[in-house]
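K.L.:
Build me a model from this:
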Amino acid sequence: MSFFEGSSVEGPAPEGLSVAETEKLKATCESVGEGFPDIAGIGVMVSFAGQAFLSLAITTYVFLLSRSGSLEIEHEKGTELYRRQRKRLKAFSQMLMVGNDSQMLLGIAYMITIWTKQDNIGVYHLRLAFDTVSLVGVSSIVAVVWTTFCHKKLGQPPHRLSLRYIATYIYAIFFFALTIVLITHLLKWNETSLEPGFCYETRGTSDAGTEAPDTEIFYAAVTGISLQGFMITALFGGQKLRKPLVISAILQFILHAYMMVTVREANQPLLEGTEREDAWDFGQTTALALLGLSSVEVGKRAWRYWQWSQESDNRVIEEGRQMKFAGYEQSIYSV
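P.N.:
Modelled structure (predicted):
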């Protein structure tokens, strides 16, 4: 009887082993490979997940405002209420794109890092990179849809050849290439290879111990193709599907965040070499600094809008008094 379920080791559990050594005994993959903090560092993971969550949070709030009718322009042109509604649309479209722009550039830079290290990267880091960079696409879907919604309300057509759209196209091409590379490496799966990088621990994501990672290949193919499809829909006609796209993005965020954390935690004890992915080095703190800058920028724009809104309240009240006075004068003159 094996002392670990799914383990090939027989007999009672050895005493005096460290957590990492115990995890290696339970693992089905003999050689995951070396650590790469630039790809799987804790700061990098937190930064990507945090920026995606920030973008989704803003999008969800905008979605709720639209459902309540707060984003409609229904007042007479030239009035303070009219200017206030336009200002609200501009403010939220800018906040949406602040988080999206920084994350899109970070995602492209992340995938460039993968291509520069592709000769040394195993299937584990490709799988982790796939889930990590998917968070960029998920948040981009809803950001593009709702920014386009705000611009349409303002009478501004989408500029599909702008630098912002071009960056999204580049990301989509890179992500498609990453999906193909990941599936190609998964097809070469080999748990007993003497060379590292041909397998990883799949505990928590699929059935461990299988000869071929059918579940992993299916997951990469389905989620990769669906994300591409959602991005194309968002870029070229997602206005009628705003609600389904928001729900889909939230579900995909939960799925990819879970997979990212689960795959990383299952394989951390199995890494070889001296590079540790839990160390807070310059690359990790830089990634978190980018998240902090995006959060601060969104906060500043929200604060400015709130201040303007308070001033607008006073102007609305004054405008109402003037209209009431003008109506009173008119009634006197008419008598």
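K.L.:
okay, now Glu30: neighbour count?
P.N.:
As a burial measure, Glu30 scores 15 neighbours (other C-beta atoms under 10 Å). Where you see a C-beta, it was placed from the backbone N, CA and C, and this is true even at glycine.
K.L.:
Wait, a strand at it?
P.N.:
No: according to DSSP: H, G, I helix; E, B strand; the rest coil, Glu30 belongs to no strand; its state is coil.
K.L.:
Mind pulling up the pLDDT for it?
P.N.:
You'll see Glu30 listed with a pLDDT of 73.
K.L.:
just Thr22 next, same as before
P.N.:
48.
K.L.:
Show me where the stretch 51-200 of the chain dips below the pLDDT cut-off.
P.N.:
Applying pLDDT under 70 to the stretch 51-200 of the chain flags residues 71, 74-76, 78, 80.
K.L.:
need the contact list for Ile39.
P.N.:
Tyr110, Thr113, Ile114, Lys117, Ile121, His125, Leu128, Ala129 (C-beta atoms under 8 Å, 6 or more residues apart in numbering).
K.L.:
so it is in which element?
P.N.:
helix 37-40 (DSSP states H and E).
K.L.:
again, but for Ala91
P.N.:
helix 80-116.
K.L.:
The next helix or strand after that helix to helix 80-116, inter-axis angle?
P.N.:
Using DSSP H and E, the helix or strand that follows helix 80-116 in sequence is helix 123-153. When axes from the mean of the first three to the mean of the last three C-alpha atoms, to 10 degrees is applied, the directions of helix 123-153 and helix 80-116 differ by 160 degrees.
K.L.:
that older thread, quick one: which of the contacts of Ile39 has the most company?
P.N.:
Neighbour-wise, the contacts of Ile39 (other C-beta under 10 Å) top out at His125, 30 neighbours.
K.L.:
now the closest residue to it other than its chain neighbours: how far from Ala129?
P.N.:
Spatial nearest neighbour of His125, chain neighbours left out: Ile39 (5.2 Å); criterion: C-beta to C-beta, 6 or more residues apart in numbering. Distance, Ile39 to Ala129, by C-beta to C-beta, to the nearest Å: 6 Å.
K.L.:
Quickly list what's touching both of those two.
P.N.:
Tyr110, Ile114.
K.L.:
How many residues are close by Met259?
P.N.:
Neighbours of Met259 (other C-beta under 10 Å): 20.
K.L.:
My guess is it contacts Thr205. True?
P.N.:
Yes: assessed by C-beta atoms under 8 Å, Met259 is found in contact with Thr205 at 6.1 Å.
K.L.:
what residues are shared contacts of these two?
P.N.:
Listed as contacting both Met259 and Thr205 by C-beta under 8 Å, 6+ apart are Tyr219.
K.L.:
tell me the contacts of Arg276?
P.N.:
Gly35, Pro37.
K.L.:
do that again at 6 Å, thanks
P.N.:
Contacts for Arg276 were tallied using C-beta atoms under 6 Å, 6 or more residues apart in numbering; they are Gly35.
K.L.:
Quick check: phi and psi at it.
P.N.:
phi -110, psi 130 (degrees, to the nearest 10).
K.L.:
where's it relative to Val44, distance?
P.N.:
13 Å.
K.L.:
how about the helix holding Ala91: buried residues?
P.N.:
80-81, 83-86, 88-104, 106-108, 110-111, 113-114 (16 or more other C-beta atoms under 10 Å).
K.L.:
Leaving out sequence neighbours, find the closest residue to Ser295.
P.N.:
Ser295's closest residue in space is Leu54 (C-beta to C-beta, 6+ apart), at 6.2 Å.
K.L.:
Which residue, other than its chain neighbours, is closest to the most centrally placed residue in the chain?
P.N.:
Centroid-nearest residue in the chain: Leu135, 2.8 Å away (criterion: C-alpha atoms, centre = their mean). Nearest residue to Leu135, sequence neighbours excluded (C-beta to C-beta, 6+ apart): Ala52, at 4.0 Å.
K.L.:
Return the angle between stretch directions for the one helix or strand that neighbour maps to and helix 123-153.
P.N.:
Element membership for Ala52 (DSSP H and E) is helix 42-67. Angle, helix 42-67 to helix 123-153, by the same axes, to 10 degrees: 30 degrees.
K.L.:
So which elements touch the helix or strand where Ala234 lies?
P.N.:
If you go by DSSP H and E, Ala234 is part of helix 214-237. When contacts are defined as 3 or more C-beta pairs under 6 Å, 6 or more residues apart in numbering; DSSP states H and E, helix 214-237 packs onto helix 123-153, helix 163-186.
K.L.:
Lys240: which of those helices is closest?
P.N.:
Counting by C-beta to C-beta, Lys240 lies closest to helix 123-153 out of the helices and strands packed on helix 214-237; the figure is 10.2 Å.
K.L.:
What residues sit buried inside that closest one?
P.N.:
Buried residues in helix 123-153 (16+ other C-beta under 10 Å): 123-151, 153.
K.L.:
Give me the distance between stretch 234-242 and the centre of its chain.
P.N.:
18 Å (C-alpha atoms, centre = their mean, to the nearest Å).
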